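K.L.:
got a predicted model here, sequence first, then my questions.
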Amino acid sequence: MPNEKKVKDLMDDIFDYPHLPYWFSIKQAIEILKKTLPANTVCSYPRAILVFDEKYNLLGTLSIRDILRWLEPKVMQASAELPSLTEKEMDSFISWGSLYSEEAKARMEKPVSEAMTPANIFIEPDDHISKVAYLMLKNNLMYLPVLEGKKKLVGVIKMINVFDVMTDVVLRK
């Protein structure tokens, strides 16, 4: 049963994930992600980097989604202010080449701390998998950091691992 499995049974070691200090640039983070993530995998989560402070405390994560949001043109970020456009009108309205030029290059030099998602939800090694599933679904997370004694970061648990355990239980007859 999923309640019998605990986080420590499924978590990945913290050093299996790419990580960097908060002062690294977005450009450096992109280079690290490109080197550490295989391009030919169908689904390999998390596609993110852990962000630490000087004392190796987890501050947050920088995902591919965070980076794309950070680099997207300002006109796209203000989409709530844009009128509703058809796809054809949008194509003519937005010139991606010009929007991703100097502004994006300048934004790539900013520190990852400006684009990261702060880490504010954690799980403990002895927590049950059903608790992990609940937190992931409630907060729309693909993975959670695992803290030992509410202090020391020891691992990461991925949604795919939780999915495997819970669906295996359902599929067993």
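P.N.:
Thanks, I have it.
K.L.:
residue ranges with poor pLDDT in this protein?
P.N.:
In the prediction, the chain carries residues with pLDDT under 70 at positions 1-3, 37-46, 73-86, 88-101, 173.
K.L.:
centroid residue for it?
P.N.:
Central residue of the chain (Cα atoms, centre = their mean): S63, 3.6 Å from the mean position.
K.L.:
surely G60 is in contact with I49?
P.N.:
No - look at G60 against I49 with Cβ atoms under 8 Å: they stay out of range, at 9.7 Å. All C-beta spots, glycine's among them, are computed from the backbone N, C-alpha and C.
K.L.:
mind listing the helices for this structure?
P.N.:
In the chain, the helices defined using DSSP state H lie at 7-10, 26-36, 64-71, 74-77, 87-93, 96-99, 102-108, 129-139, 159-171.
K.L.:
touching the second one from outside, list them.
P.N.:
Counting by Cβ atoms under 8 Å, 6 or more residues apart in numbering, helix 26-36 makes contact with 18, 20, 47-49, 62, 64, 67, 70-71, 107-112, 115, all of which sit outside it.
K.L.:
burial measure for the nearest residue to H19 once chain neighbours are set aside, as a count.
P.N.:
Sequence neighbours aside, L50 is the residue nearest to H19 in space, at 4.0 Å (criterion: Cβ to Cβ, 6 or more residues apart in numbering). Here the count is done by other Cβ atoms under 10 Å, and L50 has 22 residues near it.
K.L.:
OK, contacts around L50?
P.N.:
Applying Cβ under 8 Å, 6+ apart to L50 gives the contacts 14, 17-20, 58, 61, 145, 156.
K.L.:
can you tell me the closest non-neighbouring residue to the residue nearest to the centre of the chain?
P.N.:
Using Cβ to Cβ, 6+ apart and skipping residues adjacent in sequence, the residue nearest S63 is A48, 3.9 Å away.
K.L.:
what pairs with the residue nearest to H19 across the strands?
P.N.:
L50 has these beta-bridge partners by DSSP bridges: H19, T61.
K.L.:
how about the contacts made by the residue nearest to the centre of the chain?
P.N.:
Listed by Cβ under 8 Å, 6+ apart, the contact set of S63 reads 46-49, 117.
K.L.:
okay if I get the residues you listed as a markdown table plus distance to V170?
P.N.:
Output for the contacts of S63, formatted as a markdown table (distance: Cβ to Cβ, whole Å):
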| residue | distance to V170 |
| --- | --- |
| P46 | 24 |
| R47 | 27 |
| A48 | 28 |
| I49 | 33 |
| T117 | 31 |
